[in-house]
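Asks: Take a look and give me a structure for this.
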Amino acid sequence: MASSLAVGPNGRLWLAADDEITAAAVPEPLLRQFQSSLAESNAAGLVMLVSPDWPDELPASFAFWRNWARVFYRSVCHADAEPGDGWRSLPWPAEDELAAFVSSAPPMVGLEFITETFLQQTWAELRDYVADVSTADADGPLAWLNRVNPLAHLIGKVTFHLAEHKRNPHRPFAFLATFTHKLSPRAKPQHCPLAVALKQSVADGDREQLDRLLEPVRRAAERSPLAAELLKSKRLFSPQAWTAEEAYRFLRQSPAMEAAGVIIRLPNWWSARRPLRPQVQVRLGKQQPSSLGVDSLLDFDSDVVLEGEPLSPEELKRLMLEPVGLALLRGKWVEVDPQRIQEALDHWRMIRREHPDGIDMIEGMRLLAGAPIGGDSDAQEPVADWSAVVAGDWLRSTLERMRTPDQQSDCQPGRDLQATLRPYQADGVRWLWFMTELGLGACLADDMGLGKTIQILDLLLQRKRAAGQRRLPPALLIVPASLVGNWKQEAERFAPSLRICLLHRSEIDAYELARRAQDPASGFSEFDLVVTSYGMVRRQPWLEQLKWSLIILDEAQAIKNSGAAQTRAVKRLCSDRRIIMTGTPIENHVGELWSLLDFSSPGLLGSATEFKRYISRLNRQEGGVAYGGLRRLVQPYILRRQKTDPVIARDLPDKIEMKVECGLTIQQTVLYARVLNDLQQQLRDADGIKRRGLVLAALLQFKQICNHPSQFLREAAYPADHSGKFARLKQLCEPIIARQEKMLVFTQFQSLCEPLAGFLETVFGRSGLVLHGGTPVRRRTELVKEFQTHADKPFFVISIKAGGSGLNLTAASHVVHFDRWWNPAVENQATDRAFRIGQLKNVLVHKFVCRGTIEERIDAMISDKRAVAEQILDADGSPKLTEMSDDDLLKFVALDLNRAASDGEAETPGDARSLSKPPRSRPSSRQTP
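Replies: Numbering: from 1, shown residues only. Below is the predicted model of the structure:
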């Protein structure tokens, strides 16, 4: 598998596996060497990227950071400062250049951490690293610089200057070649004409200096026909007065000369990337379309403009008679090419003929963003170079509202909600309202724990109120099976006025499901919201027959694999309004980005083939900074708030606790039912101490089965697909991995620590740490330090007794209680290992509970504010369940199969028994807590 460069939350660059569309792979020996440099520091790795050993074509993330390293390296070579320590004060690039780098960065893990401030930090690290290493070099700073890249001695020595010469109207430009030298080690560098430097070298008989002087010029001549002519004719060695045509030729070839190591000094009005030129300006969406949505047609008109101001007919006529090159227009030198301007005009006239009613919204958004997905983009590139697409009044206002959710005023968040929204949540509701009203599709990508659920519930209340007496068709909410119960509880608590149908076997019996499936149109008309799971969508094709008022996907990364049957089933559903919810930064992976937005905003990113071709084209472009158009295109459709945002962080509680529901697999269901049956039989003949021991043993067995069948059976292998909790843990880890956060996993069983750690290693792709009662005391301190300081240790599995006190693990953002302890005080003490003084993160606490089992009833008992520990536990810490009557006890530990079934598991207890072979004789349930 290929590798890509990633950015960690701690600011460190690291190598990540890359299964995306990449232009090229990095040679393995070079990759190993680079990884070694990167382990030393960011700066050491970036300096290595300057080496000429790298192939021209690299994965986009490598190309991006190489480009950034080259900018720094050129700055060092051009610096007037004293080599070595003088490089510590090199100024970083201007703000607009930094902003351009940030906005054009390609997808990579940790893309959200690349900010202007972060680039400034890497620049500062590079300055200090280069100064330290070069001054320590035995041969001196310049020798070290030359070893990094042998072209170093060429860069910054020869400069080609082009300036305006306004006193000479016939030859309005002046050219001069100079050489940089220093009169003394501490003197400021001086520029002297190249001819003077050449004569001095000849006079001194300094052949080495002469070669050093001419080598960058020779290399420039190899790349530039003009430089070759100047060198051959020797005009290079004397000042030149140039016509506009000669100056234009120089301007066009200056990038090639600069690549050869020559410094190029040009007038401020010229930029090789964006030269000042007249363009055909196309204004889209001046008027509001007659209908809103992805099929909306945007009006457009066009003018030839200069810096946004239309040219008069006389100016345009004169311009079209100019030769290709430079022309004075409104007192400014501009690049002109009448043929290209005419081609652009003809292109937009043809578009108008083909689309007299306007351009569709999707194509308009692509044009505006500069993201030519679909069609022959290479053929359109000349037209794009001489065109400028801008938003008209209505579209500009709409885009502004898409980008500023706090400015929406068309709804009243929280009006019907039985809760108070935080300010950012109210903004989210306004934004979702606006996007659904436009029919453009929306991605709510807030961090886990910021309340995406309550924002969606309030949106549904807003839509219900706005509809009034006009009843909307139901909305469809698709969630992982483990979240069906959570949505039910949240809706009952915060939005009781919503009429909800839970379309999942844990909440609806087979007969009722079949009855509604016979006539879907009327079977669900009474509801505001239908909640179902991804598995049910795949197995119930009749859901495609309905046109839903709104479709919402929770944990939308479930459709990130565009070829999966589940994804295809979801995309066949019908609605004009769609919302996806995810806690992962979807812009970091282009394949996932396409699949998710292909559902929420169909057509925006083109077909899979068109998008892949577009990405391949971006990867071929120089510097890895070609992704600005794609990011501009998708950003209006994505609302992402992070826990670390200052405005958000101050409004959050320090600790957020949430229940994570898990189903049981067939294997777990069979074992649970058998232990339950055995308990029922044995209770008939047990009393006193024997009965108490029997009950405690059964309770322990139930908890083991809920964790994993292999724990109960004392098997060495722990297949992940045999446990609902393991499956749910993997699902929970996805956004944690994407955010590069750390987690603690607590279990009461020492025997489960290693299997959990082994499973998590396959999920994270990296090993973690384990601490339990058998861990030596000295090793515990080392483990804590390793977790706190090593970015490559993403998880820590701890037995709850061993981790209950004396540990400070504030590097974790997530705490998972894999199984529930009887005493909530013990759980809270474990949680506090992450939530301590000095914790700068908001900690999310995930408490795993198996539906329809004893765990669900224990959770209800613990969660009851009236049930203090004394009411739940005996004096010795044992649960008081041993004091219940047989009937009450059996009800408490009973198995509700419908609720317990994992998504995809629909068997009855009888079915389950027939499908599973009898287990081996049950081993002793005694395990080390």
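Asks: which residues does the residue nearest the centre of the chain contact?
Replies: Geometric centre of the chain, nearest residue: P585, 2.8 Å, by C-alpha atoms, centre = their mean. Residues near P585 by C-beta atoms under 8 Å, 6 or more residues apart in numbering: L111, E112, A445, R640, A738, R739. From N, CA and C alone the C-beta is placed, and that goes for glycine too.
Asks: can you map out the helices along the stretch 601-750 of the chain?
Replies: With helices called from DSSP state H, counting those that start in this stretch, the stretch 601-750 of the chain shows them at 608-620, 628-634, 646-649, 666-683, 688-707, 709-713, 724-738.
Asks: closest to W822 out of those helices?
Replies: Shortest distance between W822 and the helices of the stretch 601-750 of the chain, using C-beta to C-beta, is found for helix 688-707: 9.0 Å.
Asks: Tell me how far that closest one lies from the chain's centre.
Replies: The chain centre lies 46 Å from the centre of helix 688-707; the measure is C-alpha atoms, centre = their mean, to the nearest Å.
Asks: Report all helices and strands that that helix contacts.
Replies: helix 666-683, helix 709-713, helix 854-863, helix 886-893 (3 or more C-beta pairs under 8 Å, 6 or more residues apart in numbering; DSSP states H and E).
Asks: Do you have the helices of the stretch 401-550 of the chain handy? List them.
Replies: Residue ranges of the helices in the stretch 401-550 of the chain, as given by DSSP H, counting those that start in this stretch, are 423-438, 452-467, 484-494, 510-518, 520-523, 534-539.
Asks: I'd like those laid out as JSON lines, including mean pLDDT, mean neighbour count and distance to G8.
Replies: Listed next are the helices of the stretch 401-550 of the chain as JSON lines, based on pLDDT from 0 to 100; neighbours: other C-beta atoms under 10 Å; distance: least, C-beta to C-beta, whole Å:
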{"stretch": "helix 423-438", "mean pLDDT": "93", "mean neighbour count": "22", "distance to G8": "25"}
{"stretch": "helix 452-467", "mean pLDDT": "95", "mean neighbour count": "22", "distance to G8": "25"}
{"stretch": "helix 484-494", "mean pLDDT": "91", "mean neighbour count": "18", "distance to G8": "31"}
{"stretch": "helix 510-518", "mean pLDDT": "83", "mean neighbour count": "12", "distance to G8": "46"}
{"stretch": "helix 520-523", "mean pLDDT": "82", "mean neighbour count": "13", "distance to G8": "48"}
{"stretch": "helix 534-539", "mean pLDDT": "93", "mean neighbour count": "20", "distance to G8": "31"}
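Asks: a markdown table for those helices, including distance to W394?
Replies: Conversion of the helices of the stretch 401-550 of the chain to a markdown table gives the following (distance: least, C-beta to C-beta, whole Å):
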| stretch | distance to W394 |
| --- | --- |
| helix 423-438 | 12 |
| helix 452-467 | 22 |
| helix 484-494 | 35 |
| helix 510-518 | 42 |
| helix 520-523 | 36 |
| helix 534-539 | 37 |
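Asks: Out of the helices of the stretch 601-750 of the chain, flag the one nearest C501.
Replies: Nearest to C501, of all the helices of the stretch 601-750 of the chain, is helix 724-738, at 23.9 Å by C-beta to C-beta.
Asks: picking that back up, out of the helices and strands packed on helix 688-707, which gets the lowest mean score?
Replies: Note on these: lowest mean pLDDT is at helix 854-863, with a mean of 84.
Asks: Other residues contacting that helix?
Replies: For helix 854-863, the external contacting residues (C-beta under 8 Å, 6+ apart) are 659, 699, 702-703, 706, 819-820, 822, 824, 847-850, 867, 872, 879, 892-893, 899.
Asks: can you pull the buried residues of that helix?
Replies: The neighbour-count check on helix 854-863 (16 or more other C-beta atoms under 10 Å) flags I854, E855, E856, R857, I858, D859, M861, I862 as buried.
Asks: Break down the stretch 1-150 of the chain into its strands, ranges please.
Replies: Secondary structure of the stretch 1-150 of the chain by DSSP state E, counting those that start in this stretch: the strands cover 2-7, 13-18.
Asks: just checking, what packs against the last one?
Replies: In this structure, strand 13-18 makes packing contacts with strand 2-7, helix 28-40, helix 42-48, judged by 3+ C-beta pairs under 8 Å, 6+ apart.
Asks: Let's see that with 7 Å instead.
Replies: The contact analysis (3 or more C-beta pairs under 7 Å, 6 or more residues apart in numbering; DSSP states H and E) places strand 13-18 against strand 2-7, helix 28-40.
Asks: as a whole number, average confidence for it?
Replies: Here the average pLDDT along strand 13-18 is 85.
Asks: That strand - which strands sit beside it in the sheet, and in what orientation?
Replies: Partners of strand 13-18 in the sheet, by DSSP bridges, are strand 2-7 (antiparallel).
Asks: need the contact list for the residue nearest to T532 when sequence neighbours are not counted.
Replies: Leaving aside its sequence neighbours, T532 sits nearest to L503 (C-beta to C-beta, 6 or more residues apart in numbering; 3.9 Å). By C-beta atoms under 7 Å, 6 or more residues apart in numbering, L503 lies in contact with V530, V531, T532, M536.
Asks: top of these by neighbour count?
Replies: V531 (25 neighbours; other C-beta atoms under 10 Å).
Asks: Give me the neighbour count for the residue nearest to that residue when sequence neighbours are not counted.
Replies: Nearest residue to V531 in three dimensions, chain neighbours excluded: L477, at 4.7 Å (C-beta to C-beta, 6+ apart). Around L477 there are 29 other residues, counting by other C-beta under 10 Å.
Asks: What's opposite L477 in the beta bridge?
Replies: Residues in beta-bridge contact with L477 (DSSP bridges): V531, I552.
Asks: can you pull the contacts of it?
Replies: By C-beta under 7 Å, 6+ apart, L477 lies in contact with W487, L529, V531, I552, D554.
Asks: Redo the contacts of P585 as TSV? Include distance to Q455 and pLDDT.
Replies: Below are the contacts of P585 laid out as TSV (distance: C-beta to C-beta, whole Å; pLDDT from 0 to 100):
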residue	distance to Q455	pLDDT
L111	24	93
E112	20	91
A445	12	94
R640	13	92
A738	20	88
R739	19	89
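Asks: hmm, which two among the contacts of L477 are most spread apart?
Replies: Maximum pairwise distance in the contacts of L477, criterion C-beta to C-beta, is 12.2 Å, between L529 and D554.
Asks: What ranges does the stretch 201-350 of the chain have for its helices?
Replies: Here the stretch 201-350 of the chain has its helices, by DSSP H, counting those that start in this stretch, at 207-223, 225-233, 244-259, 313-319, 338-354.
Asks: what's the second one in contact with?
Replies: Yep, that's helix 225-233 we're talking about. Contacts of helix 225-233 (C-beta under 7 Å, 6+ apart): V217, A220, A221, L236, R249, F250, Q253, M257.
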